[in-house]
Each structure stands twice: as structure tokens, then as C-alpha cells.
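K.L.:
model the following, please.
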Amino acid sequence: MLDYRFSYSFIHRIMKYRKLGRTNWEISEIGYGMWGMGGWTGSDDNESFGTLQLAVDLGCNFFDTAWGYGSGKSEGLLGNLVRANKDKKLYTATKIPPKNFKWPSKREYSLNDCFPPDHIQKYVEKSLRNAGLDHFDLMQFHTWEDLWLGDERGIMKMIDLKEQGLFKAIGISLNRWEPWNGIKAVKSGLIDSVQVIYNIFDQNPKDELFPACTEMNVGVIARVPFDEGSLTGTLTKESKWPEGDWRNTYFVPENLISSVKHADALKPLVPEGMSMSDMALRFILGEPTISTIIPGMRKPGHAKNNMKTSDDGPLDPELMKKLENHRWDRKPNEWSQ
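P.N.:
Predicted coordinates for the structure are as follows:
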């Protein structure tokens, strides 16, 4: 999947591109995750749009959003970005929310609970209206259970809407810490991409999911590269967020203390002149199965720092080996979302 093209930015950095599986789209290996600009505390629409445009100027061409990111607000920003860059090909990806609006999915949720055909059509049309676009490139299920393959109505509805030209490819987004729960979908030959958490701590997709994706030529979108912030190296055991910020419910004391402990163990390995977040992204770039990484960015400085890692390239093999030893296998629980 390491089929590189190059784009020179105004700061003389080079963005590299990889193929998104069998779609053959050449997408920037550093993409853009748009969750944070859908209503996180401290987000500002003007700053968000300026940061999005800077990413485009730096060679980024893959943007991932969802109806769930501010009830379509983030999708609207993406549509504006596309219209502001008519001379460039920007790949647009969004996600359909589950009908029960519960993340993550659970084994007991049926297809009717989450993605009945009429709900799929309703939210595909909503997302297109939010963005002001006539189609998306990639349409994804925002939650997924491999058990749903036993009820073909959901995936067949997606195929029908794809054939109507409302989007060009079909993907799934996997639950946190459950990369195994998408292998059947990958092997079915019915999907084009899979979005999964992969970072220095969460390396278990390499065990079974990535080999299946390679076999079936399914693109891989790596999300949560900074482990929701712990892999920036800036969190402490006393970190707090404004009222209403979802991180207060994710970084409960049990998780915050453990996450900081694991991140602190990495600090001696960060090379001189490199930040921990740079190291985290470049670790992921060392995995050839990955098509793109989608860090969240709301400020121009974040975009500049993240985009330049493509030019910097993967880490040296010795450091990669050391970081592989910091794998941290976790299981979903009541706070993991």
C-alpha cells in the first residue's frame, strides 16, 4: 500500500500519499479527523476552518467527519472546505450514526436497533444536505458489529445507495479496543475501508485485522493516534477539562492515572528535538497497512506539526522495536466509550 506521490507545501515540506485499499484513491498519509470541531469545548468555527484550509495547503486531501460530530456541524465545515478548494481533489468521508444513538455498540444491539435500511437512507441524505454536497467519497457505519452481516438489509442498502451515486465507497468504524469485531466484514468483500484505533499503546489490530485487510485489499484508517491525548505527553494525574467536555467522562481517575503512567514510561525514549506527539505519528507511519492517520486538529500549530511528520517519515527500526514493547492491551468497559 506504500504507493507514494508527493506534494510540496509553501514551507517546503513534502506530503506523501498512500492508496486507500481497492479504491485506488491516493490519499495523504496524514489525514484530518474532524470530531473536535463539531462542538468540543473551546472550538471556534473561524479558527477551525482556517486550520482545515492550512491542512489543505500543506497537502492533506482526506477529511473524516460524521453526523455525530455536532449533529452535522462538522459536515457543514467540510462542505465549505470543498467549495473553497474547487481546484483540488479532497476526499470526503462521513459516518452514519446508529439509530439508538449509542456509542459504542454492544453485542445485544441488532441491526434494527442501529442501522435499519430506512435509517441509513435518512442519514445519508441528511449528511449530504449538511455538507451541501451531491455525494461523499466514503460513507461509513459509525458503529459496527460483525454479527450484523447475518442481516443483509443494512449492507445491501448501502450498496444500493452507492450505486445511486450518493457515495463511492463503503466503510466501517470499529469499537474501541475491538479490532477483531470487523474481520468478518473485511473478509466478506463487501466493504472498502475499516477505521480502527491504532497507536503506540493499541497495537492489537496487527494480530488479525491488518493481515485480513492486506489479503482483501481493504484500506485502513488509523484513528486516535494520540490515545485521546495521553500520547502527547502533556497530561498529568491532575488534568481536568471544562464542564461538558467528553474527556471528563473518558479520563476517569482510573483511566487518567494509568494513561499518564504509561505515557511517562515513554518519555525517556523521545529523541532529542522530537515531541512525543511527533513520535506517536511516526510510529504509525511505520505500519505499511495503514492508508492514512486522522489526528484531530483545531489550531494551526497542530496542523503544521502533524502534517510535517509525513516528510519526516517513519522512525528508525531500533526505536520502533522499543516502542512495540509498550503495547497496552485493554478491554472495553463502562467508561471507554
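
K.L.:
now the helix ranked longest in the chain - C-alpha only, PDB.
P.N.:
The single longest helix within the chain, with elements called by DSSP state H, is helix 117-131. C-alpha atoms of helix 117-131 as PDB (Å, rounded to 0.1, in the frame of the first residue of the first chain):
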ATOM      1  CA  PRO A 117     -32.400   0.500   5.900                       C
ATOM      2  CA  ASP A 118     -34.700   3.500   6.200                       C
ATOM      3  CA  HIS A 119     -32.500   5.000   8.900                       C
ATOM      4  CA  ILE A 120     -29.400   4.500   6.600                       C
ATOM      5  CA  GLN A 121     -31.100   6.400   3.800                       C
ATOM      6  CA  LYS A 122     -32.400   9.200   6.100                       C
ATOM      7  CA  TYR A 123     -29.000  10.000   7.500                       C
ATOM      8  CA  VAL A 124     -27.100   9.700   4.200                       C
ATOM      9  CA  GLU A 125     -29.500  12.300   2.800                       C
ATOM     10  CA  LYS A 126     -29.100  14.400   6.000                       C
ATOM     11  CA  SER A 127     -25.300  14.300   5.700                       C
ATOM     12  CA  LEU A 128     -25.400  15.400   2.100                       C
ATOM     13  CA  ARG A 129     -27.700  18.300   3.000                       C
ATOM     14  CA  ASN A 130     -25.500  19.300   5.900                       C
ATOM     15  CA  ALA A 131     -22.400  19.400   3.700                       C
END
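
K.L.:
tell me the buried residues in that helix?
P.N.:
For helix 117-131, burial by neighbour count (16 or more other C-beta atoms under 10 Å) applies to 117, 119, 120, 121, 123, 124, 126, 127, 128, 130, 131. The C-beta positions use only the backbone N, C-alpha and C, and glycine is treated the same way.

K.L.:
same deal with stretch 217-234?
P.N.:
Neighbour counts using 16+ other C-beta under 10 Å place 217-233 of stretch 217-234 among the buried residues.

K.L.:
tell me which of those fall in strands.
P.N.:
Members of the buried residues of stretch 217-234 lying in strands (criterion: DSSP state E): 219, 220, 221, 222, 223.

K.L.:
who's the fourth one bridged to?
P.N.:
To tie it back to what came earlier, the one meant is residue 222. residue 196, residue 293 (DSSP bridges).

K.L.:
how about the contacts made by it?
P.N.:
195, 196, 197, 198, 199, 284, 287, 290, 292, 293, 294 (C-beta atoms under 8 Å, 6 or more residues apart in numbering).

K.L.:
so the fourth one is in contact with residue 287, correct?
P.N.:
Yes. With contact defined as C-beta atoms under 8 Å, residue 198 reaches residue 287; the gap is 7.1 Å.

K.L.:
between the host helix or strand of residue 213 and strand 219-223, what angle do the directions make?
P.N.:
Here residue 213 sits within helix 209-216, counting by DSSP states H and E. Counting by axes from the mean of the first three to the mean of the last three C-alpha atoms, to 10 degrees, helix 209-216 points 150 degrees away from the direction of strand 219-223.

K.L.:
would you list the contacts of residue 222 in CSV and tack on distance to residue 165, pLDDT and neighbour count?
P.N.:
Below are the contacts of residue 222 laid out as CSV (distance: C-beta to C-beta, whole Å; pLDDT from 0 to 100; neighbours: other C-beta atoms under 10 Å):
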residue, distance to residue 165, pLDDT, neighbour count
195, 23, 98, 27
196, 28, 98, 26
197, 31, 98, 22
198, 31, 98, 26
199, 35, 98, 22
284, 33, 98, 22
287, 33, 98, 18
290, 29, 98, 23
292, 24, 98, 29
293, 29, 98, 29
294, 25, 98, 24
